[in-house]
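Enquirer: take a look and give me a structure for this.
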Amino acid sequence: MSDRRRPRGGDDERRRHRSGRDLEPQDRDDDDLTVLADLTIPARGDHPFVEGVDPDDFDDDSDAVDDDAENDDEAAGTRTRQRRRDRGRRRPAVSGMRLLVTTIAVILVVIAGFVVAYFTPLMSVRTIDVAGDSVVSAEEILAAAALSEGQPLMQVDTAAAARRVSMIPRIATVRVKREYPSTITISVVERVAVVFTQRDGQKYLMDNLGFEFAQQDPPPGLAELQTANPGSGDPSTRAALTVMGEVPPYVRDQIAAIEVDSPVDIALRLKDNRTVIWGDDERNVEKAETLRHVLTQEGTEYNVSSPQNPTFK
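Expert: A predicted model of the protein is given here:
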């Protein structure tokens, strides 16, 4: 037979050379021994499919990969937790060191400030103020305080200065304080005369505590205390001063003298020469109210020692 069939492979080869390109898969014959596969990279977690291979064959390896990943994640978590524990153990030490350094720095600043204030003229006395003076002059108070300008403020003995000022008889209370950066303030409260006393031809002003603080003529309208032993330690004096401190002004202003034989035997001599039997130093407000009513009656002597049962004659 002259007509012999040529191998297809030869024809395909010649056609490939003539066209300059490979034949497309659809151009190949079905019985071509070359199998072309369009391989696609599977997504993560999917098993690649190859013809003739059961996808289940990859399960064991996949599980192994998953196990390895889990082990790696667990190891990474363990390392993270360990680092956190290490940082937690280091943090108290670092915080404690910072606290110590801060404390030392604050102490050093305080010490430095104290040294500057105590030993240097940067915070020295430049001004001395006096407050509360009325009868006593500021010059007398400053002389008694004996403070000098230019002295470091921290070296001023304020307690000693206050004691010196308190020796002025008319001063009831005194306070000496520093006012930074360079001022000393002396605040005083002067004694106020409540009554006056007489002995040996001299008159003395007495405050509400029974202290005789000045020898001078009393101001107009001040009542005289008449008792055997006037003074802060005398019970009769204290009883008389209690009455003078508790009666209202409309009674106090009418009193010319308060006569006290004992703490329970007090009499008031009014400026119009009428006499009021007061009794003890209790229920003074009630007695004063009763006296306000009975004084409207004609008489020279009024007894309000029992405010509910006053008498007059």
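Enquirer: tell me which residues in stretch 260-274 are buried?
Expert: Burial within stretch 260-274, assessed by neighbour count using 16 or more other CB atoms under 10 Å, is assigned to Val260, Pro263, Ile266, Ala267, Leu268, Arg269, Leu270, Arg274. Quick note: C-beta positions are derived from backbone N, CA and C, even for glycine.
Enquirer: which SS class is the fifth one?
Expert: On the three-state scheme (DSSP: H, G, I helix; E, B strand; the rest coil), Leu268 is labelled strand.
Enquirer: pLDDT value on it, please?
Expert: pLDDT for Leu268: 97.
Enquirer: repeat that for the one 3 residues further on.
Expert: Reported pLDDT at Lys271 in the predicted model: 95.
Enquirer: cool, and Gly221?
Expert: 93.
Enquirer: could you pull up the residues touching it?
Expert: Neighbour list for Gly221: Asp253 [criterion: CB atoms under 8 Å, 6 or more residues apart in numbering].
Enquirer: going by distance to Val251, which of the buried residues of stretch 260-274 wins?
Expert: Val251 lies nearest to Leu268 out of those, by CB to CB, at 8.1 Å.
Enquirer: identify the residue spatially nearest to that closest one, adjacent ones excluded.
Expert: Nearest non-adjacent residue to Leu268, counting by CB to CB, 6 or more residues apart in numbering: Val276, 4.2 Å away.
Enquirer: now Arg269
Expert: With sequence-adjacent residues excluded and distances taken as CB to CB, 6+ apart, Arg269 is closest to Ala257, at 4.4 Å.
Enquirer: would it be right to say that that neighbour lies in a helix?
Expert: No - counting by three-state DSSP, Ala257 is not part of a helix but strand.
Enquirer: what is it paired to in the beta sheet?
Expert: Counting by DSSP bridges, Ala257 is bridged to Glu224, Arg269.
Enquirer: so how far is Val192 from it?
Expert: 19 Å (CB to CB, to the nearest Å).
Enquirer: which one of these two is surrounded by more residues?
Expert: Between Ala257 and Val192, Ala257 has the larger neighbour count (other CB atoms under 10 Å), namely 16 against 13.
Enquirer: pLDDT score for that one?
Expert: 97.
Enquirer: please shift the residue numbers so they start at 26 in all later answers.
Expert: Sounds good: first residue 26 from here, last item Ala282.
Enquirer: name all residues that make contact with it.
Expert: With contact taken as CB under 8 Å, 6+ apart, Ala282 is in contact with Ala248, Glu249, Leu250, Gln251, Leu293, Arg294.
Enquirer: find the helix or strand that Leu133 is a member of.
Expert: Per DSSP states H and E: Leu133 is located in helix 84-144.
Enquirer: and the chain, what are its domains?
Expert: Domain ranges of the chain: 79-144, 147-215, 220-337, per automatic domain parsing.
Enquirer: in terms of mean pLDDT, which of these ranks lowest?
Expert: domain 79-144 (a mean of 67).
Enquirer: give the bridge partners for the residue nearest to Ala239 when sequence neighbours are not counted, please.
Expert: The shortest distance from Ala239 to any residue other than its chain neighbours is 4.4 Å, reached at Leu230 (CB to CB, 6+ apart). Residues in a beta bridge with Leu230, per DSSP bridges, are Phe221, Ala239.
Enquirer: ok, the closest residue in space to Leu247 that isn't next to it in sequence - contacts?
Expert: Closest residue to Leu247 apart from its sequence neighbours, by CB to CB, 6+ apart: Phe221 at 5.5 Å. Phe221 sits next to Lys228, Tyr229, Leu230, Met231, Pro243, Leu247, Ala248, Glu249, Leu250 when contact means CB under 8 Å, 6+ apart.
Enquirer: looking at the residues you listed, which is nearest Pro273?
Expert: Ala248 (14.4 Å).
Enquirer: this completes my enquiry, with thanks.
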